[in-house]
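# turn this into a model:
(chains A and B)
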Number of protein chains: 2
Amino acid sequence: MTSENTARPGVRRLRADRARQVADVLRQQVLGGTYKDGALPHEEQLAQEFGESRNTVRQALDLLRTEGLVRRVPGSGTLVVADKVPHGLNRLQGLAETLHEHGEVVNEVRAFGPVRAPGPVARRLGLPDGADVVYVERLRRLNGLPLSLDLTYLAPDVGAALDAADLAHTDVFRLIEEVTGQPLGAADITLEAVNADAHSATVLEVPRGAALLMLERLTALADGRPVDLEYVRFRGDRLTMQGRLLRDLP
Amino acid sequence: MTSENTARPGVRRLRADRARQVADVLRQQVLGGTYKDGALPHEEQLAQEFGESRNTVRQALDLLRTEGLVRRVPGSGTLVVADKVPHGLNRLQGLAETLHEHGEVVNEVRAFGPVRAPGPVARRLGLPDGADVVYVERLRRLNGLPLSLDLTYLAPDVGAALDAADLAHTDVFRLIEEVTGQPLGAADITLEAVNADAHSATVLEVPRGAALLMLERLTALADGRPVDLEYVRFRGDRLTMQGRLLRDLP
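As a prediction, the model looks like this:
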């Protein structure tokens, strides 16, 4: 049986549907590092594996090429070019911490200093209206290439203590734990997919409109006090979020 | 103090950087339903709140408008048009289950039937090479509008039992629990942001290149047997993922 037989009676599956189906399986193989030598199997082999025509397989590979996951080299076939790193989604971790096996994270500090907190920021951090916070803006690179643009608001006492810290080479999470003398507790996160606006695209060195993984994260100390509100744009072509969900919460 | 003072000595902050900073705080207000009556505060009020110029605020609102979160109505100011729903990221839940407060999920079944599993699919489901699986493809709508396109491979016994099921109105998760007589256990997930290819864009009724939240999810029964491998494209403009991370795993 081939997937051509899977359509509901009377519904003809388009080649584009079948190509997407093949591409989705291949994309996880590519991201998971299955093709260790960097080359995908030949089209004919893939066609047989998926029970599809070579034209469908070619269209599937085109989808992956457009996404920047593979490139086609005449004579050599299809090579992996994706370089996505996995950000842990289960434990609350800083970027350098979660990616320590994947290379060196270096932060370009684009702004650092006290600002009057806008109302919504003050409220989320549990501060009175008009309170000062410390604003930190960082372009974060992994192995030299831009990975994320992070906008961070810190509780004033925590932020002030970071003035002399090595923000270029240290996660803010680690610095917060150092200066407060207590571990972080929990974070509330929201994840979205957004298209890069023109200016963010320039900063992150991606085409305008490129898909970004947008994270809003409010982090509290172990004692429950919220101290760190972040707005992070990750390059969609450089990072995945990986975790494990349970049907029943422990 | 204003955010203009936060730049490192010698670094002038561009208006585009300040506009992004304002937009990020406002976007969470919009998504969080803060502006109950649907109207954002006037530009002048926002300028004062954020300690920024009206031009910067206007540019921030332009960013939100481009994302489709707000629209500007001459005479009435800026109105919320975003309609993003939150998908829980902590507990393993089906779509209708996690969104039951937000409306009715109806699934258009685009394909259903047995297929020979491609090698990577068989391996992830713990099946021998060449085994059959059941393939299900659904366009899922919330309150009539496309929300996600789901490509699902089911273990053969589980899939076969779904042949007579009401796939249009029931989560596959719930059906799996019904036909196996045991609860689901855990799922391994990978989240990415990708740009919609032309054909997926057409199916999901978004512009080509629109940001999608892409989910790969391998779900196992409580006894540990993997039974459900899914590739899901969520419309970035219609859904967020929300959860809570702990510093120390329980």
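
# contacts and neighbour counts: CA atoms only from here.
OK.

# where do the strands sit along chain A?
A:70-73, A:77-80, A:85-88, A:105-116, A:132-142, A:145-154, A:184-195, A:211-221, A:226-235, A:239-246 (DSSP state E).

# so what touches the second one?
Surrounding strand A:77-80, the residues in contact under the criterion CA atoms under 8 Å, 6 or more residues apart in numbering or on different chains are A:30, A:35, A:38-42, A:69-73.

# apply 10 Å and report the result again.
A:27, A:30-31, A:33, A:35-43, A:61, A:64-65, A:68-73 (CA atoms under 10 Å, 6 or more residues apart in numbering or on different chains).

# those, buried ones only, as a PyMOL selection?
Applying 16 or more other CA atoms under 10 Å in any protein chain shown to those, the buried members can be selected in PyMOL as follows:
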select buried, chain A and resi 27+30+31+39+40+43+61+64+65+69+70+71+72
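
# out of the contacts of strand A:77-80, list just those in helices.
A:27, A:30-31, A:43, A:61, A:64-65 (DSSP state H).

# go ahead and confirm A:Ser76 touches A:Glu43.
No - using CA atoms under 10 Å, A:Ser76 is not in contact with A:Glu43; the gap is 11.5 Å.

# on that earlier part again, ok, the ones in helices among the contacts of strand A:77-80 vs B:Leu139, which is closest?
Comparing the ones in helices among the contacts of strand A:77-80 against B:Leu139 with CA to CA places A:Arg27 closest, at 20.5 Å.

# please list all residues in contact with that closest one.
With the criterion set at CA under 10 Å, 6+ apart, A:Arg27 makes contact with A:33, A:60-61, A:63-64, A:67, A:69-70, A:80, A:82.

# how is chain A divided into domains?
Using automatic domain parsing, the domain parsing of chain A gives A:15-80, A:85-242.

# look up the pLDDT of the residue nearest to A:Asp132 when sequence neighbours are not counted for me, please.
Nearest residue to A:Asp132, sequence neighbours excluded (CA to CA, 6 or more residues apart in numbering or on different chains): A:Arg116, at 4.4 Å. For A:Arg116, the pLDDT comes out at 95.

# residues near A:Arg116, how many?
Per other CA atoms under 10 Å in any protein chain shown, the neighbour tally for A:Arg116 reads 20.

# relative to A:Glu137, how far out is it?
15 Å (CA to CA, to the nearest Å).

# same check on A:Arg233?
12 Å.

# what touches both of these two?
Counting by CA under 10 Å, 6+ apart, the residues touching both A:Arg233 and A:Glu137 are A:149-151.

# filter these by proximity to chain B?
Filtering the shared contacts of A:Arg233 and A:Glu137 for proximity to chain B by CA under 10 Å from any CA of the partner chain leaves A:Leu151.

# any quick PyMOL command for the buried ones out of the shared contacts of A:Arg233 and A:Glu137?
Burial among the shared contacts of A:Arg233 and A:Glu137 is assessed by 16+ other CA under 10 Å; the matching PyMOL selection reads:
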select buried, chain A and resi 149+150+151
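
# out of the shared contacts of A:Arg233 and A:Glu137, which comes closest to chain B?
Nearest to chain B among the shared contacts of A:Arg233 and A:Glu137: A:Leu151, at 7.2 Å, using CA to the nearest CA.

# just confirm the closest one contacts B:Ala23, I think it does.
No - A:Leu151 lies out of contact with B:Ala23 (CA under 10 Å); the separation is 11.4 Å.

# need the overlap of contacts for those two.
Counting by CA under 10 Å, 6+ apart, nothing touches both A:Leu151 and B:Ala23.

# wait, A:Pro118 sits on B:Gln45?
No - using CA under 10 Å, A:Pro118 makes no contact with B:Gln45, being 11.3 Å away.

# any idea what A:Ser240 is bridged to?
If you look again at residue A:240, you'll see it is Thr, not Ser. Taking DSSP bridges, one obtains A:Pro86 as the residues bridged to A:Thr240.

# that one: what's it in contact with?
A:Thr240 sits in contact with A:31, A:84-89, A:213, A:234, B:189-193, B:214-215, where contact means CA under 10 Å, 6+ apart.

# between the two ends of stretch A:158-169, how far is it?
18 Å.

# do it and chain B meet at all?
No - applying CA under 10 Å from any CA, one finds stretch A:158-169 separated from chain B by no less than 11.4 Å.

# got phi/psi on A:Asn143?
phi 50, psi 40 (degrees, to the nearest 10).

# list the contacts of it.
A:102-106.

# now with 8 Å?
So, once contact is read as CA under 8 Å, 6+ apart, A:Asn143 ends up touching A:103-106.

# nearest to chain B, of the residues you listed?
A:Val106 (17.0 Å).

# okay, and for chain A, where does confidence drop off?
A:1-12, A:250 (pLDDT under 70).

# A:Pro118 and B:Gln45: who's more crowded?
A:Pro118 (22 against 13).

# okay, now A:Glu216: neighbour count?
Quick note: A:Glu216 (other CA under 10 Å) scores 23 neighbours.

# who touches the closest residue to A:Arg140 other than its chain neighbours in this structure?
With CA to CA, 6+ apart as the criterion, A:Arg140 has its nearest non-adjacent residue at 4.4 Å, and that residue is A:Asn107. Counting by CA under 8 Å, 6+ apart, A:Asn107 touches A:138-141, A:167-169.

# do the same with A:Arg141
A:Arg141 neighbours (CA under 8 Å, 6+ apart): A:105-108, A:147-148.

# how much space separates A:Ala16 from B:Gly75?
Taken as CA to CA, the span from A:Ala16 to B:Gly75 is 46 Å.

# between the two, who's got more neighbours?
A:Ala16 (16 against 6).

# right, and the more buried one touches B:His199 too?
Yes - here A:Ala16 lies in contact with B:His199, judged by CA atoms under 8 Å, at a distance of 6.6 Å.

# quick one, phi psi at A:Leu162?
Torsion angles, degrees, to the nearest 10, at A:Leu162: phi -90, psi 0.

# okay but it is in contact with A:Glu177, surely?
No - using CA under 8 Å, A:Leu162 makes no contact with A:Glu177, being 11.0 Å away.

# which one's more surrounded, the two?
Using other CA under 10 Å, the more surrounded residue of A:Leu162 and A:Glu177 is A:Leu162, with 20 against 15.

# having no further points to raise, I will conclude here.
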